[in-house]
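J.: Build me a model from this:
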Amino acid sequence: MADPKGFLTTPREEWPRRPVRERVRDWDEVYVPGALLPIISKQADRCMDCGIPFCHDACPLGNLIPEWNDLVSREDWRAASDRLHATNNFPEFTGRGTTAP
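T.: Take a look at the predicted model:
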């Protein structure tokens, strides 16, 4: 875990969304393309790595979220991808349905 107090020191930052007036005219992504990458490593530091990670129980795929967040915070993208693929064959699109990764 990169920063055990990251949830206290790093403010929550949302992935920016496209304006509603623009989104209702197409089927493109709701979120601004490419806007997540600059903030995701900082936000991964917010993981508390609690003693009993409830995100493990809540994830129907068995993803190990604290481990994944640690790899993302260190920007070790290959290992983070391998970590997701170890428990989930389709993280590219099933990750849209979860709040953790």
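J.: okay, CA-based contacts and neighbour counts for the rest of this
T.: Noted.
J.: Give me the neighbour count for Leu71.
T.: 22 (other CA atoms under 10 Å).
J.: list the contacts for it?
T.: Trp77, Ala79, Ala80 (CA atoms under 8 Å, 6 or more residues apart in numbering).
J.: and these, which of them are in helices?
T.: Among the contacts of Leu71, DSSP state H puts Trp77, Ala79, Ala80 in helices.
J.: Give me the distance between Arg18 and Asn88.
T.: Per CA to CA, to the nearest Å, Arg18 is found 29 Å from Asn88.
J.: ugh, wrong one, Lys42
T.: Taken as CA to CA, the span from Lys42 to Asn88 is 24 Å.
J.: Looking at those two, which one has more neighbours?
T.: Lys42 (19 against 16).
J.: any idea which helix or strand carries that one?
T.: helix 37-44 (DSSP states H and E).
J.: out of the contacts of Leu71, who has the most neighbours?
T.: That'd be Ala80 among the contacts of Leu71, by other CA under 10 Å, with 19 neighbours.
J.: residue ranges with poor pLDDT in the chain?
T.: 1-2, 89-101 (pLDDT under 70).
J.: Quick check: chain neighbours aside, which residue is closest to Tyr31?
T.: Arg17 (4.1 Å; CA to CA, 6 or more residues apart in numbering).
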